[in-house]
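1. Got a sequence here, can you build the structure:
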Amino acid sequence: MTETLAPKPSDAYASTAPLLKADNLCVGFRTDAGTVNAVSDVSFEIHPGEVLAVVGESGSGKSVTALALMRLHPRNTDITGDVMFDGIDLLSLTDAQMRSIRGRDIAMIFQDPMTALNPVFTVGEQIAESIRIHNDVTKQQAWERSVDLLQLVGVPEPKRRAAQHPHEYSGGMRQRAMIAMAISNDPKLLIADEPTTALDVTVQAQVMEVLHDVQEATGSAMMLITHDLGLVAGSADRVQVMYASRLMETGDLDDIFYESSNPYTRALLESIPDLHGVKEALEPIPGNPPSLLNPPSGCAFRPRCFMAADECAGSVPELITIEGHHASRCHRISAMPAPVGVPS
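-> Next up, the predicted model:
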């Protein structure tokens with residue numbers, strides 16, 4: 001009997017039309033010192049039910065990309081490109097039209113739940129309000145739904161907890177409440193921006209388990225923004241690596257962790273602690289990310305790159321497809337040392 005290999009998750013998702021497709025997305029902030037190009041020509045897709053992880057150092061453009069999708073940006077922002085969500089051009093919508101999508105079809109879990117939650121109202125009232133904005137239900141029905149949601153995300157004694165204010169919750173519990181609010185209208189796309197920041201390892205695992213359970217229960221796609229490659233390894237179907245406003249590498253989980261063809265991705269992987277003790281020392285990335293007001297010529301990673309050569313200063317490298325879903329932005333892909341993988 002011939003053995004049939006199961007398709008990779010990304011192959012299965014690629015057979016469906018993308019839920020969200022961004023083409024040449026650019027986001028710039030006008031300042032007195034000049035324009036800060038926070039996102040430059042970023043293109044990507046997210047398919048129904050898929051988890052796309054976006055990784056990179058602080059300031060790489062991860063959160064700005066997500067906020068652009070949500071149309072949550074200050075007045076001094078310029079956004080160009082195309083963003084299609086479920087057949088709708090998000091960048092052409094009026095503010096009122098976008099409000100009808102935001103929180104219903106696309107929901108976001110923000111980095112700091114203590115600042116995202118209103119300290120004046122109870123957690124149950126805030127979840128109920130997000131339900132009533134998009135649904136024709138009574139206050140009582142919305143309240144009962146908020147209690148059910150708190151129970152779904154693992155908040156103990158949900159009836160009592162719903163009547164409490166955010167300051168009465170622990171950090172992990174506040175994050176669960178934020179997840180409950182985000183999924184209150186069964187969104188098609190859930191954007192989780194650093195959902196485990198400032199949480200201890202045990203609570204991080206619990207929050208990620210809640211997110212996976214919620215995704216399975218609702219069938220939503222998820223865009224997971226993080227700098228923690230450990231979370232990515234156990235959560236994502238595809239990964240895109242950003243640095244200094246640009247996509248540096250994108251691919252399936254195995255492409256990024258075991259077949260990386262980008263010096264920046266390799267440097268990130270080398271900085272991961274090895275639980276099995278094979279590494280004698282961590283390899284930090286030298287230097288700091290560049291100023292987006294005055295980036296270096298050519299490849300932005302050049303001043304910190306172990307493979308930098310004269311050709312790297314000439315022009316910004318293009319994102320080159322290597323094989324399948326795997327693509328990398330580097331002038332010296334052909335000279336890249338063979339990957340050795342990363343210890344589990």
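2. for this protein, which helix is longest?
-> In the chain, assigned by DSSP state H, the helix with the most residues is helix 201-218.
3. Tell me the first helix or strand C-terminal of it.
-> Secondary structure here is assigned by DSSP states H and E; on that basis, the next helix or strand after helix 201-218 toward the C-terminus is strand 221-226.
4. gap between that next one and the chain center?
-> In terms of C-alpha atoms, centre = their mean, to the nearest Å, the gap separating the centre of strand 221-226 from the centre of its chain is 4 Å.
5. and that strand, which strands flank it?
-> Partners of strand 221-226 in the sheet, by DSSP bridges, are strand 51-55 (parallel), strand 189-193 (parallel).
6. export the ones you listed to CSV and tack on mean pLDDT and mean neighbour count?
-> (Glycine included, C-beta is placed from N, CA and C.) Converted to CSV, the strands paired with strand 221-226 look like this (pLDDT from 0 to 100; neighbours: other C-beta atoms under 10 Å):
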stretch, mean pLDDT, mean neighbour count
strand 51-55, 96, 25
strand 189-193, 94, 25
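7. quick one: which of the ones you listed is nearest A107?
-> strand 189-193 (5.6 Å; C-beta to C-beta).
8. What mean pLDDT does the helix or strand harbouring A177 get?
-> In this assignment (DSSP H and E), A177 forms part of helix 171-182. For helix 171-182, mean pLDDT rounds to 90.
9. Which residues does that helix contact?
-> Applying C-beta atoms under 8 Å, 6 or more residues apart in numbering, the external contacts of helix 171-182 come out as 107-110, 113-114, 116-117, 123, 126-127, 130, 146, 149-150, 152-155, 161, 166, 169, 190, 195-196, 198-199, 203, 206-207, 210-211, 214.
10. For the residue nearest in space to the middle of the chain, give its distance to P195.
-> Using C-alpha atoms, centre = their mean, the residue of the chain that lies closest to the mean C-alpha position is I225, 2.4 Å off. I225 sits 8 Å away from P195, taking C-beta to C-beta, to the nearest Å as the criterion.
11. Kindly report the same for R304.
-> Distance check for R304 against P195: by C-beta to C-beta, it reads 28 Å.
12. who are the neighbours in contact with the closest residue to P286 other than its chain neighbours?
-> The shortest distance from P286 to any residue other than its chain neighbours is 5.5 Å, reached at R304 (C-beta to C-beta, 6 or more residues apart in numbering). Applying C-beta under 8 Å, 6+ apart to R304 gives the contacts A267, I285, P286, G287.
13. of those residues, closest to G219?
-> For the contacts of R304, the residue nearest G219 by C-beta to C-beta is A267; the value is 36.0 Å.
14. Thanks a lot, see you next time.
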